[in-house]
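Visitor: Kindly generate the corresponding structure for this input.
(one chain, ligands or ions: 2)
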Amino acid sequence: MGEIDPSYILPEEYRPKHIVTEEEDIPLIDLSPLTNRGSSDTKALQDLVDKVGHACKTWGFFTVINHGVPLNIRKKIMEVSRKFFALPFEEKMKVRRGIYSTAGYHNNEHTKDLRDWREVFDFYVNDGMSMPASHDPDDPEIVHWFTPWPQDFPELRETCQEYGRECEKLFYNLMELVSLSLGLPPKRFHGYFEDQTSFARLNYYPSCPNPDLVLGNIGHKDPSALTILVQEDVEGLDVQRKSDGAWVRVKPIPDSLVINVGDILQVWSNDIYESIEHRAMVNSEKDRYSIPIFFYPSHDVVMKPVEELVNEQNPAKYSDYKAGKWLIFKMYNNYKKQGFYMRVTDYKIKA
Ligand SMILES: O=C(O)CCC(=O)C(=O)O
Ligand SMILES: [Fe+2]
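Guide: Residues are numbered from 1 along each chain as shown. Ligands and ions are numbered 1, 2, ... in the order given. Presented below is the predicted three-dimensional model:
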């Protein structure tokens with residue numbers, strides 16, 4: 001103790017502890033029937049839909065291989081991420097996150113109102129997208145959000161943008177599988193992403209002398225429809241198992257990506273699929289890097305259960321909420337200690 005800044009030290013009940021189970025892995029799904037669609041038969045595609053549906057329902061998390069996101073761009077984005085975080089602090093602070101635009105560099109993230117042991121750089125997949133000016137539901141003002149890219153580092157912008165476009169293709173493919181698994185037409189959700197407000201995050205978790213007292217990323221649920229995450233061989237991601245709440249380590253598998261259900265899909269599916277709590281541990285020897293992209297709809301899309309999944313036996317569990325308002329509420333909440341944090345269940349209709 002005493003070696004690290006006390007603002008990072010977590011209350012006892014949040015510390016990472018011991019409770020990780022090594023016995024089980026999240027489902028591993030080979031997406032080749034989708035990525036080589038031309039040559040696939042319908043049976044292979046149907047099997048894939050069933051696997052994705054089962055993984056979303058039982059875990060809310062799964063790992064994919066043969067996903068179509070090229071190796072060179074995955075390697076490249078990890079490289080530029082390392083280069084960016086290795087810059088002097090003053091350089092990184094030149095592109096720091098502002099109060100009203102959430103992209104940029106930040107080293108003071110508060111997940112669940114507690115401080116994370118990490119540095120981040122957030123960027124928008126669809127730079128310049130429309131967003132509400134505030135989270136006040138009655139404020140109609142719209143603004144445009146841009147990423148503050150570093151001036152002398154064009155490689156960072158180019159690589160991040162290319163990575164975003166490649167993952168976007170995978171995201172639409174996955175949403176087709178998800179829609180089919182819910183008994184909906186394959187492109188049921190595509191229109192909701194026309195002016196998408198998706199954002200990506202370069203995560204840098206420096207090694208830590210007291211890894212038992214902190215978390216790189218405190219347990220949380222993502223606000224997205226789906227998240228696509230790349231990690232390297234340094235492990236640290238834990239997922240909370242739905243059946244008993246145990247933390248399960250997501251073992252890095254070469255060339256894989258990790259997919260998870262976020263809050264938006266939980267609401268659209270009326271809780272058939274749920275956004276699952278996860279966290280990132282740090283270690284005393286190695287730095288860790290990861291990159292999630294949070295796929296998020298246009299700001300004016302209403303988060304509400306889709307009508308095909310609602311009927312008298314299954315009434316809507318959520319009242320309407322604009323996706324953009326929800327996102328900024330969540331993001332501003334993570335800036336600094338606010339004394340509260342937002343959960344999607346906060347606007348669940350009371351039974
Ligand atoms: O670093 C990881 O593996 C998880 C990151 C994460 O969950 C997040 O940034 O939302
Ligand atoms: Fe997350």
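Visitor: Quick check: closest non-adjacent residue to the residue of the stretch 101-250 of the chain found nearest ligand 1.
Guide: Nearest to ligand 1, among the residues of the stretch 101-250 of the chain, is residue 237, at 3.4 Å (C-beta to the nearest ligand atom). Using the backbone N, CA and C atoms, a C-beta is placed for each residue, glycine as well. On the basis of C-beta to C-beta, 6 or more residues apart in numbering, the spatially nearest residue to residue 237 that is not a chain neighbour turns out to be residue 250, at 4.3 Å.
Visitor: just to revisit the earlier point, pop out the phi and psi values for the residue of the stretch 101-250 of the chain closest to ligand 1.
Guide: Phi and psi for residue 237, reported as degrees, to the nearest 10, are phi -80, psi 130.
Visitor: residues contacting it?
Guide: 229, 231, 249, 250, 258, 278, 279, 280, 290 (C-beta atoms under 8 Å, 6 or more residues apart in numbering).
Visitor: count of neighbours near the fourth one?
Guide: Applying other C-beta atoms under 10 Å, we find 22 other residues in the vicinity of residue 250.
Visitor: what mean pLDDT does stretch 115-129 have?
Guide: For stretch 115-129, the mean pLDDT works out to 92.
Visitor: Need the single longest helix in the protein, by residues.
Guide: Longest helix in the chain by number of residues (criterion: DSSP state H): helix 154-181.
Visitor: Would you mind listing what in the stretch 151-300 of the chain touches ligand 1?
Guide: 201, 203, 217, 222, 229, 231, 236, 237, 278, 280, 290, 292 (C-beta under 6 Å from any ligand atom).
Visitor: Between those, which sits nearest residue 268?
Guide: residue 222 (14.2 Å; C-beta to C-beta).
Visitor: What about that closest one, how many residues nearby?
Guide: Neighbours around residue 222, by other C-beta under 10 Å: 24.
Visitor: again, but for the one 3 residues further on
Guide: The burial count assigned to residue 225 is 31, neighbours taken as other C-beta under 10 Å.
Visitor: Low-confidence regions, the stretch 151-300 of the chain specifically.
Guide: Within the stretch 151-300 of the chain, not a single segment meets pLDDT under 70.
Visitor: That one: helices as residue ranges?
Guide: With DSSP state H, counting those that start in this stretch, the ranges of helices along the stretch 151-300 of the chain come out as 154-181, 263-268.
Visitor: Show me the strands in the stretch 101-250 of the chain, by range?
Guide: Remark: strands assigned in the stretch 101-250 of the chain by DSSP state E, counting those that start in this stretch are 104-106, 110-111, 114-115, 119-124, 129-132, 142-145, 199-205, 217-220, 226-231, 237-240, 247-249.
Visitor: For residue 184, find the nearest of those strands.
Guide: Among those, if distance is taken as C-beta to C-beta, the winner is strand 226-231, at 14.8 Å.
Visitor: starting at the chain centroid, how far to the closest one?
Guide: 6 Å (C-alpha atoms, centre = their mean, to the nearest Å).
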